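A.B. asks: What follows is a protein structure lacking sequence information:
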Ligand code: TXA
Ligand code: MG
């Protein structure tokens, strides 16, 4: 049985935090909200506890976990060498959705790092995560609290749907604020490299570090060679997601063609879009599920709503979901990355100005 306890996301009550912390100290797993997505935590120093995360999620052992810390002052416990840029990055972005890859301390079990000599660390900003780390007084390894490969949970009901019966406790702090995962920044390479774009933008990192590279993301055809942080199809709904790599207006003729063909074949269709694009599709509203995620200038709302929309479309049995990429700036980079990984099919259209 999985217990769900409501908790105030701003002023978390002491009792549920103590319950969850006691479970963590006893080597159990607990799901809890962070500012990005819900995590499934376990004592990062206990290989048997961490094993329970992999079992609950059906996660393959080659995919390493992020270790969550209460604050910068916990870093020496888990990291062997603090890269010269870390103090500045921590001062600016911690607590917050930035994960750093750094050389690990031997005390971190291989199970956490998939045997790598590095460890991923972040200090989450969510008050529930902060309170839990303080009460447990332990570094907590926590991947997103979903079945491996599926979209990350942004509300407690998503966690329950994926992990119900497999974990003892979910702290329900309501919807998460950012909706996509943290940015994973590798500081062990000669130039700091974003392995996974996320809640902290490339532009914000560049303002501190100067040059920042973006790791080339593998295409679906490269699935055979998984590399940590760079898995190809991931965050994927059950529906066949078709991503147009172009603006909505450029994609419109091709999109309409695909939608008509799919409707003719009797398939249930959904389109994810921005509010400004709705008028161009209103004629389809009786036949197609039109989901507005945000206004064009509000990417945070888009990222908050994205995973819930994908899960909801799976719930209603959508066969095909269509969506266009956003400009690759700010949170758009992370959103486009998740859309690409969620896609079963990517259609690139030539860009015209
Ligand atoms: O926002 C987040 O980061 C959420 C919340 C719960 O904190 N966590 C999360 O964890 O997204 P997970 O396990 O779903 O994603 C961790 C990512 C994976 O892409 C993993 O391959 C990468 O971080 N990673 C972990 N350790 C690594 C390492 N030592 N080197 C390279 N990549 C690493
Ligand atoms: Mg995940």
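C.D. replies: Nice, thanks for sending it over. Quick caveat: nothing in here was measured; it's all calculated off a predicted structure. Residues are numbered from 1 along each chain as shown. Ligands and ions are numbered 1, 2, ... in the order given.
A.B. asks: Now do the SS call for the residue sitting nearest the centre point of the chain.
C.D. replies: Centroid check for the chain by CA atoms, centre = their mean gives residue 181 as the closest residue, at 2.9 Å. Following DSSP: H, G, I helix; E, B strand; the rest coil, we place residue 181 in the coil state.
A.B. asks: How about residue 187, nearest residue that isn't a chain neighbour?
C.D. replies: Once flanking residues are discounted, residue 187 sits nearest to residue 83: 4.4 Å by CB to CB, 6 or more residues apart in numbering. The way it works is simple: take the backbone N, C-alpha and C, and place the C-beta from them, glycine included.
A.B. asks: That neighbour against residue 102, yeah?
C.D. replies: Yes: with contact defined as CB atoms under 8 Å, residue 83 counts as touching residue 102 (6.2 Å).
A.B. asks: Who has more neighbours out of these two?
C.D. replies: A direct count of neighbours by other CB atoms under 10 Å for residue 83 and residue 102 places residue 102 higher, at 21 against 15.
A.B. asks: pLDDT averaged over stretch 161-175 - what is it?
C.D. replies: The pLDDT scores in stretch 161-175 average 98.
A.B. asks: Burial check on residue 113, number of neighbours?
C.D. replies: 20.
A.B. asks: on that earlier part again, list the contacts of the residue nearest to the centre of the chain.
C.D. replies: Residue 181 makes contact with 36, 37, 97, 144, 152, 196, 198, 199, 334, according to CB atoms under 8 Å, 6 or more residues apart in numbering.
A.B. asks: Can you flag which of those belong to strands?
C.D. replies: Judged by DSSP state E, strands contain the following of those: residue 196.
A.B. asks: Out of the contacts of residue 181, which is nearest to residue 52?
C.D. replies: The closest of the contacts of residue 181 to residue 52 turns out to be residue 144 (CB to CB; 15.5 Å).
A.B. asks: I figured residue 201 hits residue 330, correct?
C.D. replies: Yes: at 5.1 Å, residue 201 counts as touching residue 330 under the criterion of CB under 8 Å.
A.B. asks: Compare neighbour counts for those two and give me the winner.
C.D. replies: Neighbour count, other CB under 10 Å: between residue 201 and residue 330, residue 201 has more, with 19 against 15.
A.B. asks: show me what contacts that one?
C.D. replies: Neighbour list for residue 201: 183, 329, 330, 331, 333, 334 [criterion: CB under 8 Å, 6+ apart].
A.B. asks: Around the last one, how many other residues sit close by?
C.D. replies: Okay, so that is residue 334. Applying other CB under 10 Å, we find 30 residues neighbouring residue 334.
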